[in-house]
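[1] Any chance you can model this:
(chains A and B, ligands or ions: 1)
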Amino acid sequence: MSIAIVDARGWQNTLDLKTGEKTGAAGAVVEMVKGVLQRHPYPGDMDPGSNRWVTDTAFDLIDRYGPRFVFLTYAAQYFSGRYAPMASDERARMITDIFLEAERFINASGFAAIMVGTGDMTPFLGFIDATGIDGLAVCTHWSTRYAGLYGPSQEDMRRLRAHPHIEKIVPREEIGKLFGGSPEQISKVPEYLMLAREGYAFRTVSDAKKTPVMIPALNFHVPLYAPGHAVEAVTGIRRAIEEDLSERNVVLIVLEGIGVSEFPWPHLSCRNGTEWFYYEPGEAQYLTVTSGEHRFLDYPTGTGCKYLDKAEATRSYPYSGIFKSVPEGTFARTFPGKSIAVGNRSMFMHMVTGADLSVECFARNLYNQGTMAVIHREDKA
Amino acid sequence: MYTVSGDILRERFPHRWSSCGSQLLEAMPFYHVYPGSRCLAIGTTGCNFRCRYCSNAYIAKEDPEIQQDRMYRLAPRQLVGLARKLNCRSIIFNVNEPTVSLPTLLEVAQEAKAAAIPMGCLTNGYTTVESTEVLASIFSFFNVSLKGISARFNKTYIGIDSSRPVLRNIRTLAQVRHVEITTPIVQGANDNEIDTIADFIAGVDPEIPWHVFRLLPEDEMKGAKYPDIHAIDAALQSARTRLPYVYFHNFIGSEWVHTLCPGCGHVVIERFSLGCGGDRLKRLLCEDSRCPDCGREIRLLRENACLGDI
Ligand code: SF4
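    Sure thing, here's the model as predicted:
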């Protein structure tokens, strides 16, 4: 059983991750993790101390668990860059700070580092309004490049194809062909996938949202710092981790919202998708990195398919975002050594990394709820 | 929001929406209405309150004029069409205060009624007698935010002189519509009113579901201490003896989100709490709105909801 410990500041609850039910799980690892959560309340997505929280929490876990593989995500710059207008020198300072933070971890831990940025940000130029159509367009809160399209009329297609800020409308079959999916996988993707031009984001049915200032750019390539490795695509990062782990402890650091144009360290420019498709920051991109294969069809991030899922009301893994099962094939799930993950990106770290222990912020749409730890394995302790 | 020219009151931004998305009813929260179903959650801009802790301050408190470029422009018929396409069982106004957009909401209600889609809303309940009647003609179910009773709390944290209109309107609405009540607890400010509020609810109708929220310190209260969950839970003990449907949530992993049968205490509805608009149904154990153990009726608005008086 995977155990989730939620910490709402001053109050904790221990749950079965799969059923969401309260559990009386106890023992040394549970107590140790509870202590870590207690000592490290999450300051918030936009707080200047948010990335420092990642490093400090990871140190605490390392001291007590002694992992050989660590997965870290630093995301504060992604959230604040997205919504807060920033002068270029301010942004440059912020990026310097992120690398100082990563360096602090690397120097103090002595782990060999592999670092990947999830892609550049670009100024937001405007919304593509896809609400008043005969069919239905959907995308998730954080998606910008992609939106799913269902049941469009001929008139919808004519209008959308002529839209100056829509680059392409791809039918489901073409997506299936691109990723070589099974009929079941293909049935999960929308009838059409709409692609926005750089700087534009789809406006579809959605919760209230703030207007972004910066959004992910067209990141066909992302930066990879992996000394001694020749990696061409994000699917090759897992291999590099495995090779390094045969000799040393390794940390994989994911830097959200940092692309090839702003990555100050020597890096490779790594393919972040295939043909016309690239990964936006999110679950599918992480899974592709941790599993070494394309995972868009398993988790079609951003297409909004969850809104049409009728079985949504009752489900397994209620605290795990879009995930309804623990994904197969993630690196840390099969790695025999100890592993941990810490991040301030979202509540999917425990799913996309498969690490024995993970600690992540529990913030929903930037509202700070606290933290959650997941214990997938305690038998290695 | 409205503008007056001469004798004429006009809605400033009709058919403009700050949000329009599919959500679960439990997330609103409505715990006793169509459990596990989806609604089209809608909102406009502006509010007649200025709560110091507004989670939607960028919509409720900012000048609506400067928000217009990010608004959805959807005619009432389109809005109802979206609810259908998204398999929504209802339409719920939940972001700001519905009284600031009454003419548009009256139009939506007409379309929704034609499509047999009931409407509900979250409101602060600070409305005139006439506006309350209009609200009751539009909406079949309400979640009224009763933020506090004392004048001192209302002046300091909400910006109004008295909670009297809110109390009056809860009494009125509870006679004609399904009502749930929400109270965010600001520790040291209104936690001493928990028993008074419970007494008020018990006097109106003890079976009104009461959502006690742990305040999420946002907006002008960002940086304030998160209220103590143990202390609020303890303060609710007495209320729980008088009111059968008391819920304590708005934080991850709350274990006070299940419905117990008022007759025998058997769990009849289980839910998950993900905090801040993320609650969801886990299991409905009273399919026919009766406790499977003792047969007592559980208050639930289901198939028999009216569609307003429009
Ligand atoms: S009543 Fe609600 S929307 Fe209005 S200011 Fe208060 S919290 Fe915000």
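[2] residues from the stretch 51-200 of chain B in reach of chain A?
    B:55-56, B:58-59, B:69-70, B:72-74, B:78, B:82, B:85-87, B:95 (CB under 8 Å from any CB of the partner chain). (Each C-beta comes from the backbone N, C-alpha and C, glycine too.)
[3] ok, which stretches of the stretch 51-200 of chain B are helices?
    Using DSSP state H, counting those that start in this stretch, the helices found in the stretch 51-200 of chain B span residues B:57-60, B:76-85, B:102-114, B:129-138, B:151-153, B:164-176, B:194-204.
[4] And the ones you listed: which comes nearest B:Phe30?
    Ranking the helices of the stretch 51-200 of chain B by distance to B:Phe30, with CB to CB as the measure, places helix B:164-176 first at 14.2 Å.
[5] Map the structural domains onto the sequence of chain A.
    For chain A, automatic domain parsing gives the domain ranges A:3-122+A:215-293+A:315-375, A:125-211.
[6] quick one: the longest one to chain centroid distance?
    The one in question is domain A:3-122+A:215-293+A:315-375. How far domain A:3-122+A:215-293+A:315-375 lies from its chain's middle: 7 Å, per CA atoms, centre = their mean, to the nearest Å.
[7] Highest mean neighbour count out of the domains of chain A?
    Each of the domains of chain A was scored by mean neighbour count; the highest is domain A:3-122+A:215-293+A:315-375, a mean of 20, by mean count of other CB atoms under 10 Å in any protein chain shown.
[8] That one spans what distance, first to last residue?
    End-to-end distance for domain A:3-122+A:215-293+A:315-375: 5 Å, by CA to CA, to the nearest Å.
[9] and residue 217, what is it in contact with?
    Here I'm looking at chain A. Contacts of A:Ala217 were listed using CB atoms under 8 Å, 6 or more residues apart in numbering or on different chains, and they are A:119-122, A:198, A:259.
[10] you looked at the wrong chain, it should be chain B
    Going by CB under 8 Å, 6+ apart, B:Pro217 touches B:53, B:223-226.
[11] ok, for A:Gly117, nearest residue in space, not its chain neighbours?
    A:Ile258 (3.6 Å; CB to CB, 6 or more residues apart in numbering or on different chains).
[12] can you confirm the one you found is in a strand?
    No. Under DSSP: H, G, I helix; E, B strand; the rest coil, A:Ile258 falls outside any strand and is assigned coil.
[13] Quick check: it touching A:Asp97?
    No. If you go by CB atoms under 8 Å, A:Ile258 and A:Asp97 don't touch, sitting 11.8 Å apart.
[14] Next, count neighbours for B:Arg271.
    For B:Arg271, the neighbour count with other CB atoms under 10 Å in any protein chain shown is 26.
[15] So it belongs to a helix, correct?
    No. Counting by three-state DSSP, one finds B:Arg271 to be strand, located in no helix.
[16] Retrieve the pLDDT associated with the residue nearest to A:Gly117.
    The score at A:Ile258 is 96. That number is its pLDDT.
[17] Tell me how far it lies from A:Ala58.
    Separation of A:Ile258 from A:Ala58 (CB to CB, to the nearest Å): 19 Å.
[18] quick one, what contacts the residue nearest to B:Phe251 when sequence neighbours are not counted?
    In space, and not counting its chain neighbours, B:Phe251 is closest to A:Ala8: 4.1 Å by CB to CB, 6+ apart. Contact partners of A:Ala8, counting by CB under 8 Å, 6+ apart, are A:369-370, B:214, B:226, B:229, B:251-254, B:275.
[19] Over to A:His376?
    Counted by CB under 8 Å, 6+ apart, A:His376 has contacts A:2, A:326, A:333, A:350, A:354-358.
[20] Now do it, the pLDDT please.
    Listed pLDDT for A:His376 reads 96.
[21] And it, how far from chain B?
    Per CB to the nearest CB, to the nearest Å, A:His376 is found 18 Å from chain B.
[22] Tell me the residues of chain B that contact the ligand?
    Proximity of chain B to the ligand, by CB under 6 Å from any ligand atom, involves residues B:47, B:49-51, B:54, B:56, B:60, B:96-97, B:124.
[23] Narrow these to those that are buried.
    Buried members of the residues of chain B next to the ligand, counted by 16 or more other CB atoms under 10 Å in any protein chain shown: B:47, B:49, B:51, B:54, B:56, B:60, B:96-97, B:124.
[24] buried set for stretch B:80-99?
    For stretch B:80-99, using 16+ other CB under 10 Å, the buried residues are B:80-83, B:85-86, B:88-99.
[25] out of the residues you listed, which are inside strands?
    Among the buried residues of stretch B:80-99, the ones falling in strands (DSSP state E) are B:90-93.
[26] Nearest to the ligand, out of those residues: which one, please.
    Proximity of those to the ligand (CB to the nearest ligand atom) peaks at B:Phe93, which lies at 11.1 Å.
[27] Tell me the pLDDT of that closest one.
    B:Phe93 is assigned a pLDDT of 98 by the prediction.
[28] So which of the contacts of A:His376 sit within helices?
    A:333, A:350 (DSSP state H).
[29] sorry, back to before: if we only consider the buried ones among the residues of chain B next to the ligand, which is nearest to B:Pro206?
    The nearest one, if we look at those relative to B:Pro206 and count by CB to CB, is B:Asn124, at 22.6 Å.
[30] Test my guess that the closest one contacts B:Asn169.
    No. Assessed by CB under 8 Å, B:Asn124 is found out of contact with B:Asn169, at 9.6 Å.
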